[in-house]
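> quick one, structure for this:
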Amino acid sequence: MAWTAWPLLDNTDRVFCVVSVPLEERRRGAGTAIVEHLADRLRGAGRTVLYTWATCHPGDLDAGGGALGFARAVRAEVDQMAIFEVVALVPVIVLRV
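Residues are numbered from 1 along each chain as shown. Sure thing, here's the model as predicted:
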């Protein structure tokens, strides 16, 4: 699945996209096929940049997997990277008697 946003007034050389492939379907070429199809469409419309954002697990940064591994596989370049730390919150149940 993918959705795109095509700016009409500024940044008209770009198309923003989000590509999503279910976990059980990954590593079978579906994401690559979607990106290639989008790239063909944007070239035909005179656009030169297909950009997106992605999230990945910290281990993917070193292992080359996940979103970064996919980006490398489709010959994309990582332009900017922001690292956020996520803290898991455990619910606490308080019983007042």
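
> longest strand of this protein?
Looking across the chain with DSSP state E, the single longest strand is strand 14-19.

> state the next helix or strand along the chain beyond it.
helix 30-44 (DSSP states H and E).

> in the following helix or strand past that next one, which residues are buried?
Using DSSP H and E, the next helix or strand after helix 30-44 towards the C-terminus is strand 49-51. Residues of strand 49-51 classed as buried: Leu50 (neighbour count, 16 or more other Cβ atoms under 10 Å). All C-beta atoms are positioned from the backbone trio N, CA, C, and that covers glycine.

> and if you look at stretch 3-13?
Per 16+ other Cβ under 10 Å, stretch 3-13 contains no buried residues.

> mind checking which helix or strand of this structure has the lowest mean pLDDT?
Every helix and strand in the chain was compared by mean pLDDT, DSSP states H and E; the lowest is helix 58-63, with a mean of 64.

> what helices or strands is the next helix-or-strand element following it leaning on?
Remark: after helix 58-63, the chain's next helix or strand is helix 66-73, criterion DSSP H and E. Helix 66-73 is packed against helix 30-44, helix 58-63, with contacts defined by 3 or more Cβ pairs under 8 Å, 6 or more residues apart in numbering; DSSP states H and E.

> just those: most buried one?
Here the criterion is mean neighbour count by mean count of other Cβ atoms under 10 Å, and of the helices and strands packed on helix 66-73 the winner is helix 30-44, at a mean of 14.

> so for that helix, mean pLDDT?
Across helix 30-44, the average pLDDT comes to 92.

> spatially central residue in this protein, please.
Ala54 (3.3 Å; Cα atoms, centre = their mean).

> where does the chain have low pLDDT?
55-65, 81-86, 88, 90-97 (pLDDT under 70).

> and stretch 40-50, C-alpha only, in PDB?
What follows is stretch 40-50, C-alpha atoms only, in PDB (Å, rounded to 0.1, in the frame of the first residue of the first chain):
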ATOM      1  CA  ASP A  40       8.200   5.800 -12.900                       C
ATOM      2  CA  ARG A  41       5.000   7.900 -12.400                       C
ATOM      3  CA  LEU A  42       6.900  10.800 -10.900                       C
ATOM      4  CA  ARG A  43       9.500  10.800 -13.700                       C
ATOM      5  CA  GLY A  44       6.700  10.900 -16.200                       C
ATOM      6  CA  ALA A  45       5.200  13.900 -14.400                       C
ATOM      7  CA  GLY A  46       8.600  15.800 -14.400                       C
ATOM      8  CA  ARG A  47       9.200  15.200 -10.700                       C
ATOM      9  CA  THR A  48      12.800  14.300  -9.600                       C
ATOM     10  CA  VAL A  49      12.600  13.600  -5.900                       C
ATOM     11  CA  LEU A  50      10.600  10.900  -4.100                       C
END
